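Asker: Here you go, sequence then predicted model.
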Amino acid sequence: MLKEGDKAPEFKLPAHNGEEISLKQFAGKKKVVLYFYPKDDTPGCTVEACGFRDGIKKIQAKDAIVLGVSPDNVESHNKFIAKFKLPFLLLADTDKKVCQDYGVWVEKNMYGKKYMGVARSTFIIDKDGKIEKIFEKVKPEGHTEEVLNLLQAN
């Protein structure tokens with residue numbers, strides 16, 4: 001399991017805009033708010049994404065960038081972005097490798113049925129590529145404020 005202070009696992013994933021995005025491209029430049037969410041255009045994920053959308057200017061003012069990651073494909077991400085006017089990159093982790101590297105691909109249990117899915121989690125990664133903060137079991141409502149409070153404290 002990753003912990004605060006660890007080096008964040010490197011990744012390279014396709015973004016909704018056709019670019020390949022890697023963690024190292026932000027090294028020395030920006031903090032990264034890397035948030036993992038289960039599925040595009042579902043209730044909790046929409047609340048969380050819209051929270052980041054509404055707080056994006058404040059996040060950017062703290063020299064940080066938001067990257068959302070889910071197992072959905074680029075086409076699904078594009079629809080989600082268009083529908084809710086999301087002003088940040090969504091990355092497609094269709095093989096779930098990055099989710100596994102970050103420890104968020106877990107067994108879940110709903111109505112007694114077990115299945116594998118993404119545990120809603122956010123990692124704040126500093127400019128040196130170290131994990132500054134891990135938010136586990138994120139509640140979508142109010143999460144942007146938690147992230148902003150942390151960014152403002154540092």
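Answerer: Done, it's in. Because the structure is predicted, anything quoted here is derived from the model rather than measured.

Asker: for the chain, what's the longest helix?
Answerer: Using DSSP state H to assign secondary structure, the helix with the most residues in the chain is helix 43-61.

Asker: for that one, packing partners?
Answerer: Contacting helix 43-61 under the criterion 3 or more CB pairs under 8 Å, 6 or more residues apart in numbering; DSSP states H and E are the following elements: strand 31-36, strand 64-70, helix 74-84, helix 143-153. Just so you know, the C-beta spots here come from the backbone N, C-alpha and C atoms, and that holds for glycine as well.

Asker: can you pull the buried residues of the last one?
Answerer: This points to helix 143-153. Neighbour counts over helix 143-153 (16 or more other CB atoms under 10 Å) mark His143, Thr144, Val147, Leu148, Leu150, Leu151 as buried.

Asker: Let's have these in CSV, adding pLDDT and distance to Gly18.
Answerer: Listed next are those as CSV, based on pLDDT from 0 to 100; distance: CB to CB, whole Å:
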residue, pLDDT, distance to Gly18
His143, 95, 28
Thr144, 95, 27
Val147, 96, 27
Leu148, 95, 30
Leu150, 91, 31
Leu151, 93, 28
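
Asker: between those residues, which is nearest Lys24?
Answerer: Nearest to Lys24 among the buried residues of helix 143-153 is Leu151, at 20.8 Å by CB to CB.

Asker: Now Val147: closest residue in space, sequence neighbours ignored.
Answerer: In this structure, Val147 finds its nearest non-sequential neighbour in Val33, 5.8 Å apart by CB to CB, 6 or more residues apart in numbering.

Asker: Count the residues that sit near the one you found.
Answerer: 27 (other CB atoms under 10 Å).
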